[in-house]
Structures are given as C-alpha cells and as structure tokens.
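Enquirer: The following comprises the amino acid sequence and a computationally predicted model.
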Amino acid sequence: MNNAIRVPDVIFRTRVKETLPTGEYVWKNVTSEEIFNYKRVVVFALPGAFTPTCTTQQLPAYEARYHEFKQLGIDEVYCLSVNDSFVMNAWFDHLGITQVKPLPDGSGEFTAAMNMLVNKANLGFGNRSWRYSMLVDNGEIQILFEEPGKMSLDHADPYGLSGPSEMISWLSTDQTIKDNASFILQNA
C-alpha cells in the first residue's frame, strides 16, 4: 500500500518565450503531470515576487546553488508564487535568473490544494503562499520544509527552513544513506 502524498493536479497558466526569432512570450498551459511526473523536482514557494526577502535572499540563493541540486540528481528547480506569469517573468528578468524556473500560481489553486494559502491582507497582498520547499519525485512529495508560524496571528514571515541549505543537506544525507544501503547489499 502506497501512502505517498501526490502533488495537486492543476493547470499552470504560463507565458514562455517562443523559439522563433521574435522571442515573444506566448501562453502555454502546463499541467502538474508535465512538471512533476518521471522527474525529481525541488519546488520552493514564497509570498511574492519583488518582495524584500524573496528578492534579496530566497530566489537568488536557489539560483546560486542550482548546480548543487543538479549534482544531487534533481532534474529541475521551480520557484512558486501566487503571482501571475507576467509578474513572475518580469521578476526573473529583473534579477537575471536563468536556471531556476518560475511557476506562477496566479489563482492560488495549487497553493490552496497544498494547504499553504495564507491571507496577507494586513500587507495588502490578499491570499499568498506560505514559505516552504519540497522535493517531489515522480509526482509524490518526498519531503516538505515548512516555515513555522503559518497559523500565527502575528503575520510573521520567517525564512530559514525553506532555503536551499536545508534541502541540499537533506538530499546529501538521503544520497549517502542510499549509497551505503547499495554498498551493503552489493557486498553481502
């Protein structure tokens, strides 16, 4: 019996650059299956594009450590936010992000299904994503690092557990355990 939790099945409305010489952006619907099936994917979610911590720390940190994720067997790294594709693309262009991919959840459908939608009306944001990161292997959530205080009324916005260091540490440990198990089985 498999008790793994699968990622929500949604359609992400994205704008991607055409491969034609014009390089214009075109609409492309991308399903959860296309993003997560038959791949190992890291997703980190944050409250909003162009916000201070997200812009100066979280997104740049994942971009800087992208190659470490690839070396640990990760196929793709996505940044998810309850922002539309126009905002996500402008933010990535502004920061020069080229390796991490934007995952716009403009309606918050994926975020709500993950039970990570929080009301940030106190900041004028409306509903946004709580800060978390997760490893998804073939559509199944393997581990999720959620910042503390999601249900708190003080409207804090902690950042630590959802950064790249925690995930890389877990992936490194996970790989070591797998390597040791493989070594023991081969030498039994």
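Expert: Nice, thanks for sending it over.

Enquirer: Any idea what the residue nearest to the spatial centre of the chain is bridged to?
Expert: In the chain, the centroid-proximal residue (CA atoms, centre = their mean) is Val43; its distance is 2.0 Å. Assessed by DSSP bridges, Val43 has beta-bridge partners Tyr78, Met134.

Enquirer: Could you list the low-pLDDT ranges of this protein?
Expert: 1-3, 20, 153-155, 174-188 (pLDDT under 70).

Enquirer: So which residues of the chain form helices?
Expert: 32-36, 52-53, 59-64, 66-71, 85-95, 109-113, 164-186 (DSSP state H).

Enquirer: now the ones you listed as CSV including distance to Pro8 and mean neighbour count?
Expert: Glycine gets a C-beta too; all of them are placed from N, C-alpha and C. Output for these, formatted as CSV (distance: least, CB to CB, whole Å; neighbours: other CB atoms under 10 Å):
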stretch, distance to Pro8, mean neighbour count
helix 32-36, 6, 17
helix 52-53, 25, 12
helix 59-64, 21, 18
helix 66-71, 22, 15
helix 85-95, 18, 17
helix 109-113, 3, 19
helix 164-186, 20, 13
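
Enquirer: Out of these, the one nearest Ile5 is which?
Expert: helix 109-113 (11.0 Å; CB to CB).

Enquirer: Tell me which of the helices of the chain sits nearest to Ile141.
Expert: helix 32-36 (9.4 Å).

Enquirer: so what's Gln159 up against?
Expert: Let me fix one detail, which is that residue 159 is Tyr and not Gln. Contact analysis of Tyr159 by CB atoms under 8 Å, 6 or more residues apart in numbering lists 53, 57-58, 131, 147.

Enquirer: Distance to Asp157 added to the helices of the chain, as CSV?
Expert: Output for these, formatted as CSV (distance: least, CB to CB, whole Å):
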stretch, distance to Asp157
helix 32-36, 26
helix 52-53, 7
helix 59-64, 15
helix 66-71, 24
helix 85-95, 17
helix 109-113, 15
helix 164-186, 17
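
Enquirer: Any idea which of those helices gets closest to Ala4?
Expert: Going by CB to CB, the one of the helices of the chain nearest Ala4 is helix 32-36, 12.2 Å.

Enquirer: Which strands or helices does that closest one pack on?
Expert: strand 11-17 (3 or more CB pairs under 8 Å, 6 or more residues apart in numbering; DSSP states H and E).

Enquirer: Go through the strand it packs on and flag the buried ones.
Expert: 12-15 (16 or more other CB atoms under 10 Å).

Enquirer: could you redo these as JSON lines and give each row distance to Tyr62?
Expert: Formatted as JSON lines, the buried residues of strand 11-17 follow (distance: CB to CB, whole Å):
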{"residue": "Phe12", "distance to Tyr62": "18"}
{"residue": "Arg13", "distance to Tyr62": "22"}
{"residue": "Thr14", "distance to Tyr62": "18"}
{"residue": "Arg15", "distance to Tyr62": "21"}
